[in-house]
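Student: pasting the structure only:
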């Protein structure tokens with residue numbers, strides 16, 4: 001996991017093709033109203049024996065599960081100022097949060113790509129391939145039909 005400043009909060013965002021294109025071309029992801037997944041008070045209460053890394057893993061798995069359920073294959077890990085993250089969005093899972101502002105490309109720490117649906121092991125956690133943010137165009141090409 002990428003080391004980050006303690007003043008930032010890691011949020012995992014399932015992204016579609018148009019969002020990736022906009023992020024690549026404008027260097028900005030319009031975040032207002034987007035739901036992401038992060039370590040929350042509710043997650044800590046539900047998994048009291050998990051350490052910080054385990055909690056992050058659970059939040060990322062929730063993001064990947066939601067992405068897969070909406071036919072998306074990319075989860076971006078972003079580091080946001082805490083005031084950009086709205087609590088209480090817990091619609092589907094305890095890790096769900098809302099974004100309260102836009103996300104500049106420089107705040108994207110990494111990109112994670114799920115295997116195509118036919119190649120996933122339905123009895124295991126979702127596997128995600130890690131890509132550096134500088135490989136955004138490569139990720140976009142990878143997802144083209």
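Tutor: Arrived safely. Note that the structure is a prediction, hence the values are computed from the model and not measured.
Student: what residue ranges in this structure score low on pLDDT?
Tutor: 1-6, 88-92 (pLDDT under 70).
Student: make it 90
Tutor: Scanning the chain for pLDDT under 90 picks out 1-7, 30-34, 86-94, 115-125, 144-145.
Student: what distance do you get for the residue lying closest to residue 55 once chain neighbours are set aside to residue 75?
Tutor: Nearest residue to residue 55 in three dimensions, chain neighbours excluded: residue 39, at 4.5 Å (C-beta to C-beta, 6 or more residues apart in numbering). From N, CA and C alone the C-beta is placed, and that goes for glycine too. Using C-beta to C-beta, to the nearest Å, one obtains 15 Å as the distance from residue 39 to residue 75.
Student: quick revisit: does the residue nearest to residue 55 touch residue 96 like I think?
Tutor: No - using C-beta atoms under 8 Å, residue 39 makes no contact with residue 96, being 11.6 Å away.
Student: all strands for the protein, in order.
Tutor: Counting by DSSP state E, the chain has these strands, from start to end: 9-15, 28-29, 35-37, 74-80, 85-86, 96-99, 103-104, 108-114, 128-132.
Student: quick check: which of those is buried the most?
Tutor: Ranked by mean neighbour count under mean count of other C-beta atoms under 10 Å, the strands of the chain are led by strand 35-37, which reaches a mean of 26.
Student: the inter-axis angle of the longest helix along the chain versus strand 128-132?
Tutor: In the chain, assigned by DSSP state H, the helix with the most residues is helix 52-69. Here helix 52-69 points in a direction 100 degrees away from that of strand 128-132 (axes from the mean of the first three to the mean of the last three C-alpha atoms, to 10 degrees).
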